[in-house]
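Enquirer: here you go, sequence then predicted model.
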Amino acid sequence: MITNFSFGVPGEMTDADYPMPLGDYFDIEKDMMQVGGEFLLVRDEESNFYFLCTDDCNIEILCRAYDWYIVSSGRFNDRLRIGMGLAGEDAYGSEMFRVEDEQTLRRWHDMLKFTFKGDFIRSYYPKTNRFRGKLRVDGALCFYIHDYYPVSHKLKLTSEQKKVVNLVFRLKEGACASLAAKLFSLAISRMEFFNGLADPILIPLPASTKERHRQRFEYFCGELSRRLIIDNVFSAGRIEQDREQQKGTQQRNMSGVVFDPDYIEGRDVLLLDDILTTGMSFTLVKRELEKLGANSVTGIFLTKTVGAK
């Protein structure tokens with residue numbers, strides 16, 4: 001049996017920039033011993049990781065130890081499991097393995113490369129974890145991760161675009177909150193401006209009803225706040241009266257939505273939602289938060305509707 005772990009660290013990094021303290025490498029070795037069985041886990045510089053392991057290997061122990069999130073996993077054959085997930089925000093590649101011999105290691109590498117680096121991707125959700133676009137809405141800077149193609153476009157979507165639609169729908173249902181929080185946390189953590197915010201808080205754009213708002217955002221905001229190490233102020237905005245769904249209308253009504261100024265005054269607000277379309281709801285809430293004394297308001301979105309102005 002051969003066991004090893006390695007980190008591909010960029011040449012310009014100093015000791016102070018190293019991805020983790022030296023002592024933590026010995027913890028990795030201990031954690032690797034606890035998972036049992038045989039496994040190969042490869043992480044790339046985009047914070048994605050891929051693994052192949054035997055049935056008697058509890059790869060989840062290793063992932064939990066470093067707060068890595070398994071996006072999907074399944075059977076590869078009658079004795080192996082295969083999967084993929086999201087690691088931390090540090091931009092370095094790494095590899096951990098415990099396998100029978102060098103031949104097995106090479107063969108497993110080829111399996112992962114064929115499965116995840118070729119055209120066939122075993123995932124129902126997108127793995128992109130960087131903001132790919134930005135724009136200003138009512139003077140505020142807004143960031144989004146994906147383009148979103150609604151049904152009205154009547155286009156034949158690519159497999160990646162279908163994954164984005166799937167994630168949006170699932171997030172609206174209150175599912176995939178942990179995955180979405182991981183994606184957002186990686187994207188936000190990579191942004192220089194976030195580290196310059198003195199006292200940031202997360203506030204979701206209000207949904208149309210109390211129940212939809214709670215279902216969609218309560219757990220998600222808790223997870224994202226925990227990952228970003230900032231205050232969870234989900235309760236800063238309350239829906240005291242349900243409103244009609246306003247999707248596709250030219251007017252927005254924020255009556256029945258109340259924000260607590262004690263949470264808002266002097267804070268840097270990250271105002272987030274799943275889709276940015278016209279920006280009308282964002283503008284209304286942004287202006288209200290500014291009236292309540294917000295130091296700044298920045299829009300954070302999973303997607304932006306293609307063709308929306």
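Expert: Looks like it came in fine.
Enquirer: from what I can see Gly293 touches Tyr263, true?
Expert: No - using C-beta atoms under 8 Å, Gly293 is not in contact with Tyr263, being 10.3 Å away. Backbone N, C-alpha and C define where each C-beta goes, glycine included.
Enquirer: among those two, which residue is more densely surrounded?
Expert: Per other C-beta atoms under 10 Å, whichever of Gly293 and Tyr263 has more neighbours is Tyr263, with 19 against 11.
Enquirer: show me the contacts for that one.
Expert: Counting by C-beta atoms under 8 Å, 6 or more residues apart in numbering, Tyr263 touches 201, 233, 235-236.
Enquirer: gap between Lys304 and Lys134?
Expert: To Lys134, Lys304 is 10 Å away according to C-beta to C-beta, to the nearest Å.
Enquirer: higher neighbour count, the two?
Expert: Neighbours per residue, other C-beta under 10 Å: of Lys304 and Lys134, the larger number sits with Lys304, 23 against 13.
Enquirer: quick one: the more buried one is in a helix?
Expert: No - Lys304 sits outside any helix when classified using DSSP: H, G, I helix; E, B strand; the rest coil, being strand.
Enquirer: tell me how far Asp101 lies from Arg238.
Expert: Taking C-beta to C-beta, one finds Asp101 at 61 Å from Arg238.
Enquirer: biggest helix in the chain by residues?
Expert: Secondary structure of the chain read by DSSP state H shows that its longest helix is helix 210-228.
Enquirer: mind listing what's buried in that helix?
Expert: 212-213, 215-218, 220-221, 223-225, 227-228 (16 or more other C-beta atoms under 10 Å).
Enquirer: and those, which is closest to Ser94?
Expert: For those, the residue nearest Ser94 by C-beta to C-beta is Arg227; the value is 19.9 Å.
Enquirer: any idea how far Arg170 is from the closest one?
Expert: In this structure, Arg227 lies at 19 Å from Arg170, with C-beta to C-beta as the measure.
Enquirer: again with Thr115
Expert: Distance of Thr115 to Arg170, given as C-beta to C-beta: 23 Å.
Enquirer: what sits up against the longest helix of the chain?
Expert: So helix 210-228 is contacted by 67, 171-174, 177-178, 180-182, 184-185, 188-189, 194, 200, 202, 204, 206-207, 231-234, 239, 242, 274 (C-beta under 8 Å, 6+ apart).
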